[in-house]
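*Asks:* quick one, fold the following:
(2 chains)
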Amino acid sequence: MYIKLDNEFSLVQTVKLGEVVLPYIGIGAEGHGAPSFRLWVSRLLLAEGRKSISFPINATIVKTGGGHLVLVPSETHRVLKVVVPSRRSKILSVQPTTAEVYPFKVYQSPCGSLGVWAGALIVVPVGKAVRVEWERLIKKFRPPVRGISIIYPDNTMHEEVLPDED
Amino acid sequence: MKIEKIAVKHKDKFPYIEIGRFGSKPSLLVWVSGRLIRDGHIFFPVKGRIVKTEKGSFVLKASDDYITHCVEIVDANRNGLPVIWKVEPPMAEVYEYTYAPGTTTGALISVPSGETVWVCWRKGGGWQEGISVITPEGKYYEVEGLKDREEVEEIRRLVGG
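*Replies:* Predicted structure coming up:
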C-alpha cells in the first residue's frame, strides 16, 4: 500500500473560554507534535457522549470567515483522511477537481528528521471515487516514485506506480 | 497569565503599587485605597475601580459596582505593534504597562461587576495571536490561534451548544 486511509480514532479535545467550550481534533503533527491545524467538531457528531472521531465520516468541512475549519454532519458529502507514508512525500493532485483538499503533515520525529509524511483531509460527494496522485521519496539521492491511488466509495483501493518520465 | 497579587509600598504613608518597568522607573504607578489592602498586598480580582485624577495620577478606589483584574501577556512582541489590541466589553477601562521591550505586556482592567473580560492579543511580531478570558470569579483561560470574540462566536454557532 502506497497510501494509507487513516481510520484511527482521533480523540476530541476542548478549548474552554469561560462558558464557551469548543470541541476540536488536532490534525497532523508538525514540529514537536504540534498539529498542522485544529479541526473544530460539531456537537451533532459527538452525540451519545462520543469522545473521538474516525474517518471516513459522513460530514463536510465549513470554512469560517477567519479561516477556521469546522467539521459538520452532511448526508451529501464525506470526509476522508489520507496519508502517504514515506521518508518524504507529496500529494500532487486530487480528483474530482470539485473535491476540497485540506493538506497537513505528519512528522515522524520531533523535527521531521526521520520523515515527513504528506496527508490531506478530502471532502467528496457521497458515492464518488477519489483519485489521488502522489510522490514518494524513499531513498536519498534516488528519484521519487510517483503513482496514483483510487479510493472507491466502499473504501477499497486500487493503486499503481506510474512509470518514470525519463 | 493572571496576576494574583501585588505587594503594596508606602510613600509618606500613602499606599501604592508599581507594576512594569520603563528604564529605571515603574511603567505604571497606582495609588490604592487602604480598604483594598490585605496582608500588605492587593489581591486580584479586586472590588475596585481605577480612576484618573485631574493631575493624571491613577487611584484604585474601592467600589462594589466595579472589579479590577490584572493580566499579563508573556513574551510579547518587539516591533511596536500593540500587544493587547482589543478588550471586551467595550466599557472596560484598560491601563497598560510593560517591562523591557519584547518581554511582557500587561494591563489593569476595570469592568462593571459580573462582566467577563475578553483580552485579544498578538505577540511574536504579530504572527501569534490569542485570547485571554477572565470570568467575574477570577477564573482565567487562555488560548492561542483564535483572533477575537466574534471568531469564537462564529465557531460556537457552527459547532452548536
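
*Asks:* for residue A:77, which non-adjacent residue is spatially closest?
*Replies:* Once flanking residues are discounted, residue A:77 sits nearest to residue A:60: 4.1 Å by C-beta to C-beta, 6 or more residues apart in numbering or on different chains. Every C-beta, even on glycine, is put in place using the N, C-alpha and C of the backbone.

*Asks:* surely that neighbour is within a strand?
*Replies:* Yes - under DSSP: H, G, I helix; E, B strand; the rest coil, residue A:60 falls within a strand.

*Asks:* what's the spacing between it and residue A:99?
*Replies:* Applying C-beta to C-beta, to the nearest Å, the value for residue A:60 to residue A:99 is 11 Å.

*Asks:* and what of residue B:115?
*Replies:* Distance, residue B:115 to residue A:99, using C-beta to C-beta: 46 Å.

*Asks:* swap in residue B:156?
*Replies:* 28 Å.

*Asks:* quick one: name the residues of chain B near chain A.
*Replies:* By C-beta under 8 Å from any C-beta of the partner chain, the residues of chain B that approach chain A are B:116, B:131, B:133, B:135, B:139, B:141, B:143, B:145-147, B:151-152, B:154-156, B:158-161.

*Asks:* what do you get if the cut-off is 6 Å, keeping everything else the same?
*Replies:* Within chain B, the positions near chain A by C-beta under 6 Å from any C-beta of the partner chain are B:116, B:133, B:135, B:141, B:143, B:147, B:151-152, B:154-156, B:158-161.

*Asks:* leaving out the residues flanking it, which one is nearest to residue B:41?
*Replies:* With C-beta to C-beta, 6+ apart as the criterion, residue B:41 has its nearest non-adjacent residue at 4.3 Å, and that residue is residue B:5.

*Asks:* hang on, isn't the one you found packed against residue B:39?
*Replies:* No - with contact defined as C-beta atoms under 6 Å, residue B:5 does not reach residue B:39; the gap is 8.7 Å.

*Asks:* quickly list what's touching both of those two.
*Replies:* Common contact partners of residue B:5 and residue B:39 (C-beta atoms under 6 Å, 6 or more residues apart in numbering or on different chains): none.

*Asks:* related to what we said a few turns ago, can you give me the neighbour number for the residue nearest to residue A:77?
*Replies:* When counting by other C-beta atoms under 10 Å in any protein chain shown, one arrives at 19 neighbours for residue A:60.

*Asks:* beta-bridge partners for it, please?
*Replies:* Residue A:60 forms beta bridges with residue A:72, as assigned by DSSP bridges.

*Asks:* now residue 114, nearest residue through space, not along the chain?
*Replies:* Just going to use chain A. According to C-beta to C-beta, 6+ apart, the nearest residue to residue A:114 is residue A:108 (4.2 Å).

*Asks:* nope, chain B please
*Replies:* Per C-beta to C-beta, 6+ apart, closest to residue B:114 is residue B:136, 5.2 Å.

*Asks:* per-residue confidence for that neighbour?
*Replies:* Turning to residue B:136, the model gives it a pLDDT of 86.

*Asks:* check the one 10 residues further on too.
*Replies:* Reading off the confidence values, residue B:146 has pLDDT 90.

*Asks:* ok now do it, which residues does it touch?
*Replies:* Counting by C-beta under 6 Å, 6+ apart, residue B:146 makes contact with B:131, B:152.

*Asks:* one more pass at 7 Å, please.
*Replies:* Going by C-beta atoms under 7 Å, 6 or more residues apart in numbering or on different chains, residue B:146 touches B:130-131, B:152.

*Asks:* do the same with residue A:58
*Replies:* Counting by C-beta under 7 Å, 6+ apart, residue A:58 makes contact with A:73-75, A:78, A:126.

*Asks:* repeat for residue B:44
*Replies:* If you count contacts by C-beta under 7 Å, 6+ apart, residue B:44 has them with B:3-5, B:68-70.

*Asks:* that concludes my questions; thank you for your assistance.
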